[in-house]
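Trainee: The sequence and its predicted three-dimensional model are supplied below.
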Amino acid sequence: MRRFGGSVLRRLFSLGDPRWGQSGSGQGSGQPSGGQSASGQGSEQKPSSGEPDRDPPRQDPPDNGSREPRRPDNRPRSEEPPDLDEVWRDFNRRLSGMFGGKGRQGGGFGGGGRSGGGGGGFKAPNVKTGPAFGFVALGGVLVWLATGFYIVQEGQSSIVLRFGEFRTTTNAGFNWRLPYPFESHEIVNLSQIRQITVGVRGGGATSRSRDSLMLTKDENMVDLQFAVQYRIGNPKDYLFNNVATDDIVAQAAETVMREIVGRSMSDTVLYENKEGIAREALSAIQAIADRYGSGLSIVDVTIQNAQPPEEVQAAFSDAIKAGQDAERLKNEGQAYANDVIPRARGSAERLIQEAEAYRERVIATATGDADRFRKIVVEYNKAPAVTRERMYLEAMQQVFTNVSKVMVDSRSNSNLLYLPLDRLMQQSAASMMGAPGGPMQSPQPASNAPASAATPETPAQQPAVPSPGPSLRDRLRDAR
C-alpha cells in the first residue's frame with residue numbers, strides 16, 4: 001500500500017510529466033494501446049496460430065521509437081507550451097480518481113481519443129464524492145486546530161512562542177494557541193522549591209570540598225556549609241536568560257557568603273550570628289540573580305554547619321571549654337549577687353524604717369515633754385512651793401528607782417540592821433517591771449525579821465549602818 005500510494009502521488013503531482021495540459025492526445029492512460037506489448041520494444045506480438053495479419057503493419061515515422069502524438073508538421077505535441085485550463089482539469093481528474101471517482105469514456109490525460117486497453121487512466125470527478133471530500137478536509141482542519149488546546153496546572157505558567165519568539169504568558173487553566181508549526185508553548189513549574197548545597201562534594205553530605213573553607217576578618221579559617229532554596233519567579237527570563245540555573249545560584253551564593261564572612265569575626269560566624277549572616281546572604285543573592293535577569297526567586301538560606309578546620313579542632317575545643325567555664329562562673333557570681341543584693345537592700349530598708357520610727361518616737365516624746373512643762377508652768381504660777389516639792393519628789397523617785405540604795409529611818413530604836421539584799425533586789429526589779437514610776441516600797445525594820453535568819457546558813461552579820469541623821473523630808477520641812 002505504501003509503495004502504491006507513493007507511485008500514485010508521483011503520478012498525480014509529477015510536474016515533469018509532458019502530458020500536462022495536452023488534451024488532444026490519443027492515449028487515455030499514458031500506456032500503450034491494447035494490442036501493444038508492455039515490454040517497451042515497439043513491435044507487436046503475432047498470434048501463434050500462424051495466420052497472416054489481415055492489416056499490414058503501420059509504418060511509423062523515424063522518431064527513434066517514440067509513440068508520442070505529433071502535430072501535422074511532424075513536431076511532437078509535448079513541445080508545445082501547456083494550456084493552464086487543461087492543466088487544472090487534468091489535476092482535478094487525477095485527484096477525483098484517487099478518491100474513487102468515475103471518469104468519462106476515454107478520460108485519460110488528454111481527456112479524449114480512444115480508450116486505452118489497460119484502463120489505468122484517472123477518472124473524472126464524480127459529483128456525489130465532492131461533499132464527502134469537503135467534510136473530510138474540514139474534519140482534518142478541525143483536528144489540526146484542536147491540537148492548539150492545552151491545560152496549565154495550578155502553580156504552573158506557560159510561555160507561548162510564535163516561530164520560536166516570545167509572544168505571551170498564560171496562567172493556570174484551559175488555554176489555546178495557534179497549532180504547530182505556527183506556535184508552541186513551554187510549561188514552567190512556579191511552585192517547585194529547588195535546593196543546592198554549597199561546601200559539600202557530590203559524594204555525600206559528610207564530604208567537604210575546598211569551597212567550604214572561608215577566611216574571616218580576624219584571619220581565621222572556618223569550614224562553612226550552607227544550603228540555598230529557590231524557585232522560578234519570572235518564567236520568561238528563566239527560559240530565555242538561563243543555561244544552568246544551579247550553577248548560577250551556586251556561584252552567586254558562594255561569592256556573597258565569602259564577602260560576608262570576610263568582613264565578620266570568626267566567633268560571630270561560628271557561634272554568635274549565624275541567622276543574621278543567612279538573612280544578609282539571602283538579600284545579596286537575590287540582588288545578584290535580579291541583576292543577571294535569571295528570573296529566579298531566592299526563598300531561604302540556611303547555614304547547615306560552621307566549624308573550624310580539622311587541623312585546629314582540638315585547640316578550638318579547648319577554647320570553647322574555657323569559654324563555657326567562664327560563662328558558668330559568671331552565672332554563679334550573678335546568682336550570688338542576686339541573693340546578697342536583695343538581702344542587703346532589705347536590711348537597709350529595715351534600718352531606714354527603724355530610724356524613721358525612732359525619729360517619730362523622739363519627736364513625740366519631746367512634744368509630750370514640752371506640753372507637760374507648759375502645763376507645769378501654769379500650775380507653778382499658781383502654787384510654786386507645792387509644784388517644786390512635787391517635782392523634787394518625782395525626780396528622786398526616778399533616780400532612786402534605778403540604784404541599789406536603801407533608806408533607813410534613823411529614828412528607829414534598833415541600831416542593828418539586817419539587810420536581805422537579794423530579796424530587796426528582786427522586789428525592786430519586780431516593782432520596776434510591774435509598775436514603773438510607782439511608789440517605792442520601804443523595807444521592813446530589822447527587828448521584825450524572823451528568828452530563823454540567825455541560823456548558821458544565813459550570811460554573817462553586817463556592821464550597823466550609821467545613822468544618816470535627820471531625813472530629807474524633815475530638813476525640807478524645817479526649811480519651810
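Mentor: Alright, I've got the coordinates.
Trainee: can you list the domains in the chain?
Mentor: The chain is divided into the following domains under automatic domain parsing: 80-112+122-129, 149-189, 194-308, 325-401.
Trainee: now the ones you listed as TSV including mean pLDDT?
Mentor: Formatted as TSV, the entries for the domains of the chain read as follows, by pLDDT from 0 to 100:
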stretch	mean pLDDT
domain 80-112+122-129	57
domain 149-189	80
domain 194-308	83
domain 325-401	91
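Trainee: Is it possible to get CSV of those that adds distance to Ala315 and mean neighbour count?
Mentor: To be clear about C-beta, it is placed using only N, CA and C from the backbone, and glycine gets the same treatment. What follows is the domains of the chain, written out as CSV (distance: least, C-beta to C-beta, whole Å; neighbours: other C-beta atoms under 10 Å):
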stretch, distance to Ala315, mean neighbour count
domain 80-112+122-129, 91, 16
domain 149-189, 48, 14
domain 194-308, 8, 16
domain 325-401, 16, 11
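Trainee: Of those, which is nearest Ala319?
Mentor: Distance to Ala319, taken as C-beta to C-beta, is lowest for domain 194-308 among these, at 9.4 Å.
Trainee: Just the terminal-to-terminal distance for stretch 166-183.
Mentor: Distance across stretch 166-183, first residue to last, is 10 Å (C-alpha to C-alpha, to the nearest Å).
Trainee: List the contacts of that stretch.
Mentor: 144-145, 147-163, 184-185, 235-236, 240 (C-beta atoms under 8 Å, 6 or more residues apart in numbering).
Trainee: Among these, which lie within helices?
Mentor: Trp144, Leu145, Pro235, Lys236, Phe240 (DSSP state H).
Trainee: now, among the residues you listed, which is nearest to Gln427?
Mentor: Using C-beta to C-beta as the measure, the one of these that approaches Gln427 most closely is Pro235, at 113.8 Å.
Trainee: Next one: that closest one from Ile285, what distance?
Mentor: Using C-beta to C-beta, to the nearest Å, we find Pro235 at a distance of 20 Å from Ile285.
Trainee: Give me the buried positions along stretch 422-432.
Mentor: In terms of neighbour count (16 or more other C-beta atoms under 10 Å), stretch 422-432 has its buried residues at Ser428.
Trainee: May I have that stretch exported as CSV, CA atoms only?
Mentor: In CSV, the C-alpha atoms belonging to stretch 422-432 read as follows (Å, rounded to 0.1, in the frame of the first residue of the first chain):
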residue,chain,number,x,y,z
ASP,A,422,18.9,39.6,147.4
ARG,A,423,15.2,39.9,148.3
LEU,A,424,15.4,43.7,148.1
MET,A,425,16.9,43.5,144.6
GLN,A,426,14.2,41.0,143.5
GLN,A,427,11.4,43.2,144.9
SER,A,428,12.9,46.3,143.3
ALA,A,429,13.1,44.5,139.9
ALA,A,430,9.5,43.2,140.3
SER,A,431,8.2,46.7,141.2
MET,A,432,10.0,48.2,138.2
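Trainee: can you map out the helices along this structure?
Mentor: Counting by DSSP H, the chain forms helices over residues 2-13, 84-98, 130-146, 235-241, 245-262, 266-267, 274-292, 313-382, 384-401, 421-434, 472-479, given from the N-terminal end onward.
Trainee: and the fourth one, what does it pack onto?
Mentor: Packing partners of helix 235-241 (3 or more C-beta pairs under 8 Å, 6 or more residues apart in numbering; DSSP states H and E): strand 156-162, strand 165-170, strand 183-189.
Trainee: rewinding a little: would you convert the ones in helices among the contacts of stretch 166-183 into CSV that also reports distance to Val386?
Mentor: What follows is these, written out as CSV (distance: C-beta to C-beta, whole Å):
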residue, distance to Val386
Trp144, 144
Leu145, 140
Pro235, 120
Lys236, 122
Phe240, 126
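Trainee: Among those residues, which one lies nearest to Leu296?
Mentor: Using C-beta to C-beta, Pro235 is the member of the ones in helices among the contacts of stretch 166-183 that sits closest to Leu296, with 10.8 Å.
Trainee: partners of the closest residue to that closest one other than its chain neighbours in the sheet?
Mentor: In space, not counting the residues next to it along the chain, Pro235 is nearest to Val188; the distance is 4.1 Å by C-beta to C-beta, 6 or more residues apart in numbering. When bridges are called by DSSP bridges, Val188 pairs up with Ser157.
Trainee: List the contacts of Val188.
Mentor: Contacts were defined as C-beta under 8 Å, 6+ apart; by that measure Val188 touches Gln156, Ser157, Ser158, Ile159, Ile232, Pro235, Tyr238, Leu239.
Trainee: Kindly recompute the last result at 10 Å.
Mentor: The contact partners of Val188, taken as C-beta atoms under 10 Å, 6 or more residues apart in numbering, are 152, 156-159, 169, 232, 234-236, 238-239, 295.
Trainee: re the thing from before, of all the ones in helices among the contacts of stretch 166-183, which comes closest to Ala430?
Mentor: Within the ones in helices among the contacts of stretch 166-183, the smallest distance to Ala430 is 108.6 Å, found for Pro235 (C-beta to C-beta).
Trainee: And that closest one, how far from Ile298?
Mentor: Taking C-beta to C-beta as the measure, Pro235 and Ile298 are separated by 16 Å.
Trainee: now Ala348
Mentor: When C-beta to C-beta is the yardstick, Ala348 and Ile298 sit 59 Å from each other.
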